[in-house]
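>>> generate coordinates for the sequence data below:
(one chain, ligands or ions: 1)
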Amino acid sequence: MQNTKITDTIQYVGTDDKNIDLFESQYIVPNGVSYNSYVILDEKTAVMDGVDERAEKEWFENLEHTLNGKQPDYLVVTHLEPDHAGNIQKFMEKYPQAQIVVNAKALSMLPQFFTLDMSARSVVVKEGDELTLGNHVLTFIMAPMVHWPEVMMAYEKTEKVLFSADAFGKFGALSTEEDWACEARRYYFNIVGKYGMQVQALLKKASALDIRMICPLHGPVLSENLDFYLEKYQTWSSYEPEDKGVLIAYASIHGNTGKAAEKLAALLREKGVEKVVVMDLSRADIAEAVEDAFRYDRMVLAAATYDAGIFPCMDSFIARLKSKNYQKRTVGLMENGSWAPMAGKIMKESLSQMKEITIAEPVVSIKSTLNEASEEQLELLAQALV
Ligand code: FEO
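Next up is the predicted model:
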């Protein structure tokens, strides 16, 4: 059981999930994930979001413990993704006098997930609407497409708490001590990255609020140095590089493209580039490669040619970058092909569909293994990337 006091009147009732193999069936989470849920205790009691169905039993135990015999008045649902909304129907059945607080979009989507008709028990809110609980007053802020269409946040003005939905969340269970930025960045770019413009709109609204504490749906409650987190979100959502450095991501069949990638990394380090990260896309966590692609200002893609196309893990990496709106970076390219190298041309075409990408010349073309000619190109590419 995990009941923690956030303030005198706000209690944490969420759960850690350290057994999940893949979050959203795609992201490895070595330290698990938390599904955060909160209770505001006042004249009226509001439960702020729920948890994944996987954690149903623990959540209801936490709730019972915190409610201590009280009946909850409201379940505020900031979005319907099942990692938070999985138990809505069970909650509404267990507490028949409770009302669900949603916006119109969420209300229209409820029947897609649940068989219980909750329309007569719903409080439908829109931008700026207030819900008074007693001393606490929740103001609702719509945040469409951060990262689902019905997403909203709730700002509690007495204690100055922003219930931020998935924003400012991270991978990693709360019982794990780890750096916030690393897993928050991996979470952000992979899950929310496509919607930078919508995050920017939200940050603009947030800048008008006096925020003392941020309660996200994953990861720790943030209560100190809030500018640090807001600035990270500002950088990430504007697609500006966060750090100077080079990610070299390679897709190598038998190791020769990998060796060339390592050689380029050595050349860059010799030339004074302090941060060079090399990733083998066949084996690395692709979500981390996406994270690093956005983190640094430069990237090199090195790929073998395969079936007259590019080796599949590079194909998939580029598709992810495109879907996350990768932009504003300098990219170097290295291709390999034992008889008809094609990878460079294909990668260049894919990158040309992204915004503000500068291709560093030359494109290094390797036939099977590095030779004098391709090593010369490698040197020139390293020079262009310094
Ligand atoms: Fe954490 Fe969008 O769900």
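
>>> can you give me the first-to-last residue distance of stretch 34-46?
The straight-line separation of the ends of stretch 34-46 (Cα to Cα, to the nearest Å) is 20 Å.

>>> now that stretch: buried residues?
By 16 or more other Cβ atoms under 10 Å, the buried positions in stretch 34-46 come out as 34-42, 45-46. Backbone N, C-alpha and C define where each C-beta goes, glycine included.

>>> the ligand contacts on the stretch 1-150 of the chain?
79, 81, 83-84, 147 (Cβ under 6 Å from any ligand atom).

>>> go again using 8 Å as the cut-off
35, 79, 81-84, 147-148 (Cβ under 8 Å from any ligand atom).

>>> so which of those comes closest to E375?
H147 (44.3 Å; Cβ to Cβ).

>>> leaving out chain neighbours, which residue sits closest to that closest one?
V192 (4.7 Å; Cβ to Cβ, 6 or more residues apart in numbering).

>>> for A104, same thing?
Closest to A104 by Cβ to Cβ, 6+ apart is V124, at 5.6 Å.

>>> from S108, how far off is the one you found?
Computed as Cβ to Cβ, to the nearest Å, the V124 to S108 distance reads 10 Å.

>>> picking up where we left off before, the buried residues of stretch 34-46: which two are farthest apart?
Across the buried residues of stretch 34-46, no pair lies farther apart than S34 and D42, at 24.5 Å, counting by Cβ to Cβ.

>>> can you tell me the element Y187 falls in?
If you go by DSSP states H and E, Y187 is part of helix 180-187.

>>> could you give me the buried positions within that helix?
For helix 180-187, by 16+ other Cβ under 10 Å, it's 180, 183-187.

>>> same check, this time on stretch 119-138
122, 125, 129, 131, 133, 136, 138.

>>> over to stretch 361-369?
Neighbour counts over stretch 361-369 (16+ other Cβ under 10 Å) mark 362-367 as buried.

>>> what is the neighbour count of Q383?
Counted by other Cβ atoms under 10 Å, the residues lying close to Q383 total 12.

>>> residue in the stretch 1-150 of the chain nearest to the ligand?
E81 (3.6 Å; Cβ to the nearest ligand atom).

>>> swap that for the stretch 251-386 of the chain, sorry
For the stretch 251-386 of the chain, Cβ to the nearest ligand atom, closest residue to the ligand: A287, 14.9 Å.

>>> now do the same contact list for that residue.
Contact analysis of A287 by Cβ atoms under 8 Å, 6 or more residues apart in numbering lists 26-28, 186, 190.

>>> at 10 Å instead, please
23, 26-29, 171, 186-187, 189-191, 320 (Cβ atoms under 10 Å, 6 or more residues apart in numbering).

>>> CSV for those, including secondary structure and pLDDT?
As requested, the contacts of A287 are arranged in CSV below (DSSP: H, G, I helix; E, B strand; the rest coil; pLDDT from 0 to 100):
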residue, secondary structure, pLDDT
F23, strand, 98
Q26, coil, 97
Y27, strand, 98
I28, strand, 97
V29, coil, 98
F171, coil, 98
R186, helix, 98
Y187, helix, 98
F189, helix, 98
N190, helix, 98
I191, helix, 97
R320, helix, 98
